[in-house]
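Asker: turn this into a model:
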Amino acid sequence: IITNKNIFFILGLFFLAEILINPIGEFPLNDDWAYAKTVKNYVEKGVIESPNWGGSMFLPQLLWGTIFCNLFGFSFTVLRFIDIISGILGIVMMYHILLVIQDSMKLATIGSLLFAMNPIFLNGANSFHTDVPTTLFMLLSFFWFIKFFHSHSISSYALGVLFAIIACTIKQTSLSIGIAFFIYFLLSSKANIKNVVIAMFPLFIMGSLIYSYHIVTTSYDVGLPGALIQKDLYNIYWGKLFNVDYGVFKRIGYHIINTALSLGIFASPIILPLTIKSFFNKKIKPSNIVQLAIGFLFIALFVTIKIYFRSKQGVMGGGIWYMPFVGSNIYDFGIGPLLVTGIQQNEAPGAFKAGIYFWFIVSIIGAISFISFLNIIIRLKKTFFTPIVSSNKISPLLFPLLIMLISFIPCLFLYPHAKYLTLYFPFMLITI
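Answerer: Numbers count the residues shown, from 1 in each chain. This is a model prediction of the structure:
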């Protein structure tokens, strides 16, 4: 992979983007101040003392932040470079995974470019948030697990479990890879005790770590990261799950639609050409016209439902009402945070706005792309349980799809901010 010129081209574009972004500056971005404060407290006081903000475990990232700050002194720039390095390694890992799965340098390059140049990924890589490091270790875990599917070697399995654990101790939602591995391995392997143990072990370890962390943070007065969220888990998750009212339903509906539109927009450069090629490669029959008409009806319904749910959600629905993103990372004509000035992004004086019609067209493109993605999944469903390895291509189609879907579920009840797309989007590309 190191001798492949395509990966150097992709990394060159990433470095160019970094020059344009200019990550140097002694200020926090969005809410990464809380993570930076935790590192600063540990460096200066020698104790883990976290602000009551955020819900991630953050522990490996705290360790890296401490090492870097002991070497170079505490600064927001130093901490930001930790995520930039994680982003670079994540791009290399993504390229290698796509190369192994697709056995096509062209597809691996296109997919890795979409991943590396994704505005949400670039935004996360230039902060000290947990999303990009978590994604890196989820990709590492995924890679070694698919190697295990192929070789059944103990070393591949052990590395898959190890990286899954590291991902889990940064951000708990990466439990999704343990759940997905459990489901996929059981469904694709012979039913015996040995395979049940192999399937269950990663999930058991990750679940035990999360549960133990929850017990410690809720039973004792400790300053561990995420303690505030841990103590309020019932109101955040379980209360909404067991006491679903129409308000919760509307919000979940909005989050599902908007996230689908976001994913569709980001994946459209690869999904739409595949769909168009597939459609016109066939002789057009009346049934194709009917399918096309039904598809457009679904697209119109998709966007209409989104607008309806958004109009009922207010500011907490996320971002600007006509935009297909949750949260404030992407605003009308730009990306990234503003410093805490009290000015909302779309209210900045003199800021250019693309406007409602532009974003309506973008939303339509996202809807077409996501429906096309669903169509691809439906057409590929027969291969979900076929042999994992054929010729030089490893095709665990259901595995990345499960990771993508399971990662999204907890955010439905919390707040599926656009920055969390960093966790789902690479696995959508891998599935395609």
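Asker: right, and residue 169 touches residue 209 too?
Answerer: Yes: if you go by CB atoms under 8 Å, residue 169 and residue 209 touch, sitting 6.5 Å apart. C-beta: built from backbone N, CA, C; applies to glycine.
Asker: more crowded one of those two?
Answerer: It is residue 169, of residue 169 and residue 209, that has more neighbours when counted by other CB atoms under 10 Å, with 23 against 17.
Asker: contact partners for the more buried one?
Answerer: Neighbouring residues of residue 169 by CB atoms under 8 Å, 6 or more residues apart in numbering: 57, 59-60, 209.
Asker: try it again with 10 Å
Answerer: Residues near residue 169 by CB atoms under 10 Å, 6 or more residues apart in numbering: 56-63, 134, 137, 206, 209-210, 213.
Asker: likewise residue 354?
Answerer: Contacts of residue 354 by CB under 10 Å, 6+ apart are 322-323, 331-334, 361-362.
Asker: what do you get for residue 136?
Answerer: Per CB under 10 Å, 6+ apart, neighbours of residue 136: 83, 85-94, 163, 166-167, 170, 426.
Asker: measure it to residue 422 for me?
Answerer: 10 Å (CB to CB, to the nearest Å).
Asker: what do these two both touch?
Answerer: Joint contacts of residue 136 and residue 422 (CB under 10 Å, 6+ apart) are 87, 90.
Asker: quick one: which helix or strand includes the closest residue to residue 423 other than its chain neighbours?
Answerer: Spatially, and ignoring its direct neighbours in sequence, residue 423 is nearest to residue 407 (5.0 Å; CB to CB, 6 or more residues apart in numbering). Using DSSP states H and E, residue 407 maps to helix 398-413.
Asker: do residue 122 as well
Answerer: Using DSSP H and E, residue 122 falls within helix 119-125.
Asker: next secondary structure after that helix?
Answerer: helix 131-151.
Asker: I'd like to check the angle between that following helix and helix 398-413, please.
Answerer: 150 degrees (axes from the mean of the first three to the mean of the last three CA atoms, to 10 degrees).
Asker: now do the buried residues in helix 131-151.
Answerer: 131-149 (16 or more other CB atoms under 10 Å).
Asker: try stretch 46-58
Answerer: Buried residues in stretch 46-58, counting neighbours by 16+ other CB under 10 Å, are found at 48-51, 53-58.
Asker: widest-spaced pair of those?
Answerer: The distance between the two most remote of those (CB to CB) is 16.8 Å, for 49 and 55.
Asker: returning to what we had before: off-centre distance for the helix holding residue 122?
Answerer: On the basis of CA atoms, centre = their mean, to the nearest Å, helix 119-125 is displaced by 11 Å from the centre of the chain it belongs to.
Asker: find the nearest non-adjacent residue to residue 430, please.
Answerer: Residue 430's closest residue in space is residue 400 (CB to CB, 6+ apart), at 4.1 Å.
Asker: strands of the stretch 151-300 of the chain, start to end?
Answerer: When secondary structure is read from DSSP state E, counting those that start in this stretch, the stretch 151-300 of the chain shows no strands.
Asker: for it, which spans come out with low pLDDT?
Answerer: 228, 230-248, 279-289, 291-292, 296 (pLDDT under 70).
Asker: returning to what we had before: residue 189: which of the buried residues of stretch 46-58 is nearest?
Answerer: Once CB to CB is applied, the member of the buried residues of stretch 46-58 that ends up nearest residue 189 is residue 57, at 30.5 Å.
Asker: any idea how far residue 186 is from that closest one?
Answerer: For residue 57 relative to residue 186 (CB to CB), the value is 27 Å.
Asker: likewise residue 136?
Answerer: Distance of residue 136 to residue 186, given as CB to CB: 27 Å.
Asker: tell me the pLDDT of the residue nearest to residue 120 when sequence neighbours are not counted.
Answerer: Closest residue to residue 120 apart from its sequence neighbours, by CB to CB, 6+ apart: residue 421 at 4.9 Å. Looking at residue 421, its pLDDT reads 85.
Asker: is it true that residue 421 touches residue 262?
Answerer: Yes: with contact defined as CB atoms under 10 Å, residue 421 and residue 262 form a contacting pair (5.8 Å).
Asker: alpha carbons only: can I get stretch 25-43 in PDB?
Answerer: What follows is stretch 25-43 as a C-alpha-only set of coordinates in PDB (Å, rounded to 0.1, in the frame of the first residue of the first chain):
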ATOM      1  CA  GLY A  25      -4.700  28.400  17.000                       C
ATOM      2  CA  GLU A  26      -5.000  28.600  20.800                       C
ATOM      3  CA  PHE A  27      -8.700  28.200  21.100                       C
ATOM      4  CA  PRO A  28     -11.200  25.300  21.500                       C
ATOM      5  CA  LEU A  29     -13.600  24.300  18.700                       C
ATOM      6  CA  ASN A  30     -17.200  23.500  19.400                       C
ATOM      7  CA  ASP A  31     -17.200  21.500  22.600                       C
ATOM      8  CA  ASP A  32     -13.800  20.000  22.500                       C
ATOM      9  CA  TRP A  33     -12.900  22.400  25.300                       C
ATOM     10  CA  ALA A  34     -14.200  19.800  27.700                       C
ATOM     11  CA  TYR A  35     -11.800  17.100  26.500                       C
ATOM     12  CA  ALA A  36      -8.900  19.600  26.400                       C
ATOM     13  CA  LYS A  37      -9.700  20.700  29.900                       C
ATOM     14  CA  THR A  38      -9.500  17.100  31.100                       C
ATOM     15  CA  VAL A  39      -6.100  16.700  29.600                       C
ATOM     16  CA  LYS A  40      -4.900  20.000  31.100                       C
ATOM     17  CA  ASN A  41      -6.100  19.000  34.500                       C
ATOM     18  CA  TYR A  42      -4.300  15.700  34.300                       C
ATOM     19  CA  VAL A  43      -1.100  17.300  33.000                       C
END
